[in-house]
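**Q** Sequence and predicted structure are below.
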Amino acid sequence: MGDTKTRTPARRAKTRAAQPEPETLVAYYRQMLLIRRFEERAARAYTEAKIGGYCHLNLGEEATVTGLMAALQPRDYLFTNYREHGYALARGIDARRVMAELYGRSTGVSKGWGGSMHMFDLESRLLGGYGIVGGQLPLATGAALAVNYKGGDEVVMCQMGDGTTNIGAFHESLNMAALWDLPIVFVVINNGLGMGTTVEASSAEPELYRRASAYRMESARVDGTDVVAVRDAAQAAVERARRESKPFLLETTSPRLRGHSVVDPARYRTAEEKEALKEADPLAHFGLTLEEAGILDAEARTKLDAEVKAEVDDAAAFADDSPHPDVSTLFDYTYATPVRGVPRRLPADPVF
Amino acid sequence: MTTPSTTMAQALNSALRDALADDERVVVFGEDVGRLGGVFRITDGLTAEFGEDRCFDTPLAEAGIVGFAVGMAMGGFRPVIELQFDAFAYPAFEQIASHVAKMRNRTRGRVALPMVIRIPYAGGIGGVEHHCDSSEAYYAHTPGLKVVTPATAGDAYSLLREAIEDPDPVIFLEPKKLYWSKSQVALPARTEPFGRAAIRRRGADATLVAYGPTVPVALEAAEAAVEEGWDLEVVDLRTLVPFDDETVTASVRRTGRCVIVSEAAGFAGVGAEIAARVQERCFHSLHAPVLRVTGYDIPYPPPMLEQHHLPNVDRILDALDRLQRDDRPDPRFLSLGGAA
């Protein structure tokens, strides 16, 4: 299991939570497997032109996604960047609705209008994937103040990529969150690459969690391929935010197994780097760990895999069978009500 | 009893005060709006009266402020934020264009953003670059935003109250040179709602369409033009989005001539949109080309030159001179290039 390093102000090494029950570990494994198979299916659908726009996958991030989401309560809020399919699934949204959103169908999470990058679901309190790097940070920070103003005990989790730490909104948001003691956990998913540029080539402080010290905010780095370590680190940060209304910066490290998006062949990677990725696969690693611990053998894993594949195939079939949004919805939600001087004319409609 | 004389700044301050008192979801924040009361004193006294939870200072972080307001609005509040000057809003443009304007659509109506972004804008106060921009076209060109700009104290109060009550995000552009101009108005005042232009002066010969800072200029020009035999109508748009085609169209159909007066650079500006709409709807009533008197297509000039850059009476009279009063084609319109 990975270790958790802590940065200033000094925090006592936290006591490790008890090792989870075997069934919890199997549930985590299944969750990771679902994300893996779902994303592989999405990649295939993209190459089949079933999915339009852009499509960023959580491949390699499965343990991080699963661990982070296990740390949240249902009443907590989640903001993410555009690499959020797995988060939507782990937040409990039906794979059918997630896949239908990728397919741009009206049965999708955002009724086919959000697509891969803009999943949104009030019920599961996923307050959006966001397509602009850093765009979600000030929003999440404001949502945390709204929680405090209403006297709630919810926590906001705001996920982002490593590249985001160099954008102005990162600084603006962390500063305000610390200044006003807001119940928010910022999570940096460090997969080592901002599209094709390495963290070392873009960040003067490549140990990203250390950035928090500029705001006197506590922070930590955790091995993002270790689902239990991620869960424990995130839970500590989330529950502290809930208890003391204090922000936290958590950095997770995990590989990005494919390109930046489905259309990126990742040619900037060397053969050695590609080989090393296979070794770093968190799903394979976790499967072996469970086997060695006598919790889940190869046969049981094969059975789970078949189950998950069936779920994903069903989601894809559901998406494929769902209708596209109707042309008549074009004008529906730009404003609350029709606005004077904003034409809604389609061909053959009256001119004025 | 005489109607009291009120400045636009006082009217805006009253509107914020009354909104804070009437609706506990209203929260005012921005740079220096609390302790200082805002650089133009629009938020003066609000923190003292309502406390730091209701009106508070933020760090210098425009994108952060706007995004923060989005998060607050998602959480059920009605943020009214101030961005100190027109050009100071540009760092926040990403938030405004990508999230403020699109959230309702992106969430298919599940999230409304009832928020107001107040921006002191336009020139005429001897300011300089970054402090005098007419940035309305950027917002008006962004579907999902409403764009409001008052020209009188009564409208300033009424439109700001309406903006705070509106279910959609509103860019509220305050013509800073009019902050200290007075109108005879008793507050609280309610004028016409969004989307209704006001005819500030009735006339028969040509229509001057103005908004925000150019409304008083157009009125002054209309008075000056009387001497030259012109009887001009002056329309104050009040809101750019929603846009009141009906009032503008009816006026121009009646007068047959139209000049649009705006401080912003002319190219691809709101004036161009109005001209297009007027010719679409009034083509058969027009006796002359629709003209624009605008700021030049240059970055905002230094204080000593701004009077030459901004639309003034002379430039409006110069445009009137090209309205083909005698219905003979004006050879100046036969050229292929240059300004009309």
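**A** Here it is on my side, so go on.
**Q** Please count neighbours and contacts with C-alpha atoms only from this point.
**A** Noted.
**Q** residue ranges of the helices in the chain, please?
**A** Let's take chain A. With DSSP state H, the ranges of helices along chain A come out as A:22-47, A:62-71, A:85-90, A:95-102, A:136-149, A:168-179, A:199-202, A:227-244, A:271-280, A:282-292, A:298-321.
**Q** Hmm, no, I was thinking of chain B.
**A** According to DSSP H, the helices that chain B contains are B:8-22, B:46-50, B:62-74, B:93-95, B:103-106, B:136-140, B:153-165, B:214-226, B:245-255, B:270-282, B:306-309, B:313-320.
**Q** how about CSV for those helices, with distance to B:I298 added?
**A** Formatted as CSV, these follow (distance: least, CA to CA, whole Å):
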stretch, distance to B:I298
helix B:8-22, 29
helix B:46-50, 38
helix B:62-74, 25
helix B:93-95, 21
helix B:103-106, 34
helix B:136-140, 15
helix B:153-165, 29
helix B:214-226, 18
helix B:245-255, 28
helix B:270-282, 16
helix B:306-309, 9
helix B:313-320, 17
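**Q** which of the ones you listed sits most buried?
**A** helix B:62-74 (a mean of 29; mean count of other CA atoms under 10 Å in any protein chain shown).
**Q** if we look at that one, which residues are touching it?
**A** A:135-146, A:169, A:172-173, B:30, B:58, B:78-81, B:83, B:88-89, B:91-96, B:99-100, B:111-115, B:117 (CA atoms under 8 Å, 6 or more residues apart in numbering or on different chains).
**Q** ok and that helix relative to helix A:136-149, angle-wise?
**A** Using axes from the mean of the first three to the mean of the last three CA atoms, to 10 degrees, the inter-axis angle of helix B:62-74 relative to helix A:136-149 is 50 degrees.
**Q** roughly how far is helix B:62-74 from the heart of the chain?
**A** 22 Å (CA atoms, centre = their mean, to the nearest Å).
**Q** for stretch B:111-125, same thing?
**A** 9 Å.
**Q** Can you pull the residues of the stretch 1-150 of chain B lying near chain A?
**A** Counting by CA under 8 Å from any CA of the partner chain, the stretch 1-150 of chain B comes close to chain A at B:58-59, B:61, B:63-77, B:94-95, B:98-99, B:101-102, B:104-110, B:112, B:143-145.
**Q** which stretch among the helices of chain A comes nearest chain B?
**A** Proximity to chain B (CA to the nearest CA) singles out helix A:136-149 among the helices of chain A, at 3.9 Å.
**Q** where does the stretch 1-150 of chain B have low pLDDT?
**A** Where the stretch 1-150 of chain B drops to pLDDT under 70, the residues are B:1.
**Q** if you set the cut-off to 80 instead, what comes out?
**A** Applying pLDDT under 80 to the stretch 1-150 of chain B picks out residues B:1-2.
**Q** so where do the strands sit in it?
**A** B:5-7, B:26-30, B:55-57, B:78-82, B:116-121, B:146-148 (DSSP state E, counting those that start in this stretch).
**Q** ok, now which ones touch A:D314?
**A** Here A:D314 is in contact with A:R96 (CA under 8 Å, 6+ apart).
**Q** on that earlier part again, possible to save the helices of chain A as TSV with mean pLDDT?
**A** Below are the helices of chain A laid out as TSV (pLDDT from 0 to 100):
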stretch	mean pLDDT
helix A:22-47	97
helix A:62-71	98
helix A:85-90	98
helix A:95-102	98
helix A:136-149	98
helix A:168-179	97
helix A:199-202	94
helix A:227-244	98
helix A:271-280	85
helix A:282-292	95
helix A:298-321	97
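**Q** Now the ones you listed in a markdown table, please, with extra columns for distance to B:A265.
**A** As requested, the helices of chain A are exported to a markdown table (distance: least, CA to CA, whole Å):
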| stretch | distance to B:A265 |
| --- | --- |
| helix A:22-47 | 44 |
| helix A:62-71 | 49 |
| helix A:85-90 | 44 |
| helix A:95-102 | 42 |
| helix A:136-149 | 32 |
| helix A:168-179 | 30 |
| helix A:199-202 | 38 |
| helix A:227-244 | 49 |
| helix A:271-280 | 53 |
| helix A:282-292 | 57 |
| helix A:298-321 | 48 |
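**Q** Figure out which of these is closest to B:G123.
**A** helix A:168-179 (28.9 Å; CA to CA).
**Q** Which residues in the closest one does the neighbour count mark as buried?
**A** By neighbour count on 16 or more other CA atoms under 10 Å in any protein chain shown, the buried set for helix A:168-179 is A:A169, A:F170, A:H171, A:E172, A:S173, A:L174, A:N175, A:M176, A:A177, A:A178, A:L179.
**Q** Those residues also near chain B: which ones?
**A** Among those, chain B is touched by A:A169, A:E172, A:S173, A:M176 when using CA under 8 Å from any CA.
**Q** Verify the stated contact: the third one with A:G134.
**A** No: the criterion here is CA atoms under 8 Å, and A:S173 misses it with A:G134 at 9.5 Å.
**Q** how about B:L113, what does it touch?
**A** Contacts of B:L113 by CA under 8 Å, 6+ apart are B:V70, B:A73, B:M74, B:R78, B:V100, B:M103, B:R104, B:P167, B:D168, B:P169.
**Q** go again using 7 Å as the cut-off
**A** B:V70, B:A73, B:M74, B:P167, B:D168, B:P169 (CA atoms under 7 Å, 6 or more residues apart in numbering or on different chains).
**Q** what's stretch A:66-78 in contact with?
**A** A:28, A:31-32, A:90-91, A:124-127, A:154-158, A:227-228, A:230-231, A:234-235.
**Q** Quick check: which of those residues are also close to chain B?
**A** Checking the contacts of stretch A:66-78 against chain B by CA under 7 Å from any CA of the partner chain, not one of them is in range.
**Q** Neighbours of A:I132, how many?
**A** Applying other CA atoms under 10 Å in any protein chain shown, we find 15 residues neighbouring A:I132.
**Q** Can you give me the distance of it to chain B?
**A** 8 Å (CA to the nearest CA, to the nearest Å).
**Q** any idea how chain B splits into domains?
**A** Domain segmentation of chain B under automatic domain parsing yields B:5-184, B:198-326.
**Q** Columns distance to A:A298 on top of those domains, output as JSON lines?
**A** Compiled in JSON lines, these are given as follows (distance: least, CA to CA, whole Å):
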{"stretch": "domain B:5-184", "distance to A:A298": "42"}
{"stretch": "domain B:198-326", "distance to A:A298": "63"}
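**Q** Now tabulate the buried residues of helix A:168-179 in TSV and tack on distance to A:A212.
**A** What follows is the buried residues of helix A:168-179, written out as TSV (distance: CA to CA, whole Å):
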residue	distance to A:A212
A:A169	14
A:F170	10
A:H171	9
A:E172	12
A:S173	11
A:L174	8
A:N175	9
A:M176	12
A:A177	11
A:A178	9
A:L179	12
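**Q** Which residues lie in contact with the nearest residue to A:V109 once chain neighbours are set aside in this structure?
**A** Spatial nearest neighbour of A:V109, chain neighbours left out: A:R97 (5.2 Å); criterion: CA to CA, 6 or more residues apart in numbering or on different chains. A:R97 sits next to A:T107, A:G108, A:V109 when contact means CA under 7 Å, 6+ apart.
**Q** count of neighbours near the second one?
**A** If I follow you right, that is A:G108. 28.
**Q** who's in contact with it?
**A** A:R97, A:V98, A:A100, A:E101.
**Q** now do A:D305
**A** Taking CA under 7 Å, 6+ apart, one finds nothing in contact with A:D305.
**Q** hmm, back to that, which of the contacts of A:G108 are buried?
**A** Buried residues within those, counting neighbours by 16+ other CA under 10 Å: A:R97, A:V98, A:A100, A:E101.
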